[in-house]
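Novice: Dropping the sequence and predicted coords here.
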Amino acid sequence: MRLSLQLHPADRAIFAILALAVALSVVAGGRPEVRSLLLAHLVLLAGYGLFVLAAVRWSRAGWVAYVRPLAAMWTIFTLYYTAGRLGMAAMPYRADASLARIDTWMFAGINPTFFIQRWQTPARVELFAFFYGLFIPYVNLSLVLGALGRPPLERDQFLTGWVFTYCISYVGYLFLPCQGPGGFFAGSYSVPLQGGFFFALVVTAVAHSGGLIGVFPSLHGGSSLYLCLFDLKTNRLRGLTYLPIVVMIYGATIFLRYHYVIDLVAGTIIAVSCTHWGRWAFLRWARARRDAGLPALPGGEGDVLSDIPADGRDYTAAVLPAN
């Protein structure tokens with residue numbers, strides 16, 4: 001049996017980014033922090049590999065459909081911290097100067113991080129800090145609803161695109177390490193950021209997570225947008241409810257000096273692309289499994305997929321029962 005028919009597209013993406021992190025650690029070598037991150041990524045690779053072996057061995061077991069999203073989320077969220085740290089430790093350069101120049105070029109010679117200082121009052125800083133912090137509960141709630149509360153076919157399309165969004169973004173974390181405008185221009189601002197409870201909470205959370213280590217592309221933007229776009233296609237009311245939150249999260253990343261505008265542009269492109277790539281990759285894999293006589297979906301939820309029009313209008317086509 002071909003290995004490609006056994007490995008879920010989301011699993012393949014996770015293996016690819018973990019292998020890239022391991023390879024970068026080996027090439028960079030030397031420094032204690034790099035060696036510790038090499039060990040961390042090897043452990044993640046081995047642990048996720050054991051899960052995949054079990055999922056293939058018991059591919060018709062019902063637990064596979066529910067454990068895979070949990071295993072993928074845990075691995076992806078762990079990489080959120082380790083990939084950024086590895087890029088900072090392994091690369092001898094920082095991309096901040098280039099990203100800042102791109103921002104200035106996009107805004108006709110004016111860097112937006114300085115232009116918006118006139119509006120950075122404590123009240124506005126506090127408002128945007130609330131929405132910046134809202135990213136965590138928003139993402140976790142959306143993942144629970146998306147991974148555990150959707151029909152089987154829709155769920156696996158959702159998971160695949162979400163994993164693709166993060167894994168592609170982590171390539172930027174590894175090879176374009178940067179601090180963000182707040183760190184890069186720390187001594188150049190004329191208006192210090194001041195807020196209240198939520199601003200202090202955000203500052204503390206960022207400091208405890210290791211500081212500004214994952215900037216380009218923006219996953220605050222890209223991940224939020226992916227979740228919203230998927231819901232706009234499958235649950236319009238929920239997607240429209242999320243849309244204002246996503247807009248405010250986008251604004252918060254700039255207002256609080258955590259991201260360059262180009263970070264958001266890149267995150268947006270990745271998110272929009274992955275809503276399509278994730279669906280295409282999963283359906284292609286599921287059809288190939290069906291044609292090979294395997295259950296189209298892992299977890300024994302169905303052996304045959306209904307035909308899906310080539311134009312993609314039937315976004316959540318049903319799964320037919322095995323009998």
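Specialist: Done, it's in.
Novice: Please make it C-alpha for all contacts and neighbour counts, starting now.
Specialist: OK.
Novice: buried stuff in the longest helix belonging to the chain?
Specialist: The residue-count maximum for a helix in the chain (DSSP state H) belongs to helix 261-291. By neighbour count with 16 or more other Cα atoms under 10 Å, helix 261-291 contains the buried residues 261-264, 266-268, 270-272, 274-275, 277-283, 285-290.
Novice: for that helix, packing partners?
Specialist: On a contact count with 3 or more Cα pairs under 8 Å, 6 or more residues apart in numbering; DSSP states H and E, helix 261-291 meets helix 3-6, helix 9-28, helix 96-106, helix 152-175, helix 219-234, strand 304-305.
Novice: Tabulate the ones you listed in a markdown table, adding columns for mean neighbour count.
Specialist: Formatted as a markdown table, these follow (neighbours: other Cα atoms under 10 Å):
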| stretch | mean neighbour count |
| --- | --- |
| helix 3-6 | 14 |
| helix 9-28 | 19 |
| helix 96-106 | 17 |
| helix 152-175 | 24 |
| helix 219-234 | 23 |
| strand 304-305 | 22 |
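Novice: Among the ones you listed, which comes closest to residue 138?
Specialist: Taking Cα to Cα, helix 219-234 is the member of the helices and strands packed on helix 261-291 nearest to residue 138, at 8.0 Å.
Novice: That closest one: what's the following helix or strand?
Specialist: Per DSSP states H and E, the first helix or strand lying C-terminal to helix 219-234 is helix 236-255.
Novice: helices or strands up against that following helix?
Specialist: Counting by 3+ Cα pairs under 8 Å, 6+ apart, helix 236-255 packs on helix 122-148, helix 219-234.
Novice: now those helices as TSV including distance to residue 9 and mean pLDDT?
Specialist: Listed next are the helices and strands packed on helix 236-255 as TSV, based on distance: least, Cα to Cα, whole Å; pLDDT from 0 to 100:
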stretch	distance to residue 9	mean pLDDT
helix 122-148	15	89
helix 219-234	17	92
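Novice: Please name whichever of the ones you listed is nearest to residue 250.
Specialist: Here helix 219-234 is closest among these (Cα to Cα), at 5.5 Å.
Novice: My read is that residue 126 contacts residue 195, right?
Specialist: Yes. Residue 126 lies in contact with residue 195 (Cα atoms under 8 Å); the separation is 4.8 Å.
Novice: Neighbour count: those two, which is higher?
Specialist: A count of neighbours by other Cα atoms under 10 Å puts residue 126 above the other of residue 126 and residue 195, at 23 against 18.
Novice: Give the buried residues for stretch 202-210.
Specialist: Using 16+ other Cα under 10 Å as the test for burial, stretch 202-210 gives residue 202.
Novice: Which residues does it contact?
Specialist: By Cα atoms under 8 Å, 6 or more residues apart in numbering, the list of residues contacting stretch 202-210 from outside reads 81, 129, 132-133, 212.
Novice: okay, the helices and strands packed on helix 236-255 in CSV with distance to residue 24 next?
Specialist: Formatted as CSV, the helices and strands packed on helix 236-255 follow (distance: least, Cα to Cα, whole Å):
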stretch, distance to residue 24
helix 122-148, 29
helix 219-234, 21
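Novice: For the stretch 201-323 of the chain, give me the ranges with low pLDDT.
Specialist: Counting by pLDDT under 70, the stretch 201-323 of the chain shows low-confidence ranges at 210-211, 299-323.
Novice: Stretch 85-93: how far from the chain's middle?
Specialist: 20 Å (Cα atoms, centre = their mean, to the nearest Å).
Novice: Please point out which parts of that stretch sit buried.
Specialist: Quick answer for stretch 85-93 (16+ other Cα under 10 Å): 85-90.
Novice: So which of these belong to helices?
Specialist: Short answer: the buried residues of stretch 85-93 in helices (DSSP H) are 85-90.
Novice: Around residue 297, how many other residues sit close by?
Specialist: 26.
Novice: any idea which element it lies in?
Specialist: Using DSSP H and E, no helix or strand contains residue 297.
Novice: cool, residue 71 as well?
Specialist: Going by DSSP H and E, residue 71 is in helix 63-90.
Novice: for that helix, packing partners?
Specialist: Checking 3+ Cα pairs under 8 Å, 6+ apart, helix 63-90 ends up next to helix 9-28, helix 32-57, helix 122-148, helix 152-175.
Novice: Turn these into CSV, columns for distance to residue 297.
Specialist: Below are those laid out as CSV (distance: least, Cα to Cα, whole Å):
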stretch, distance to residue 297
helix 9-28, 12
helix 32-57, 12
helix 122-148, 14
helix 152-175, 8
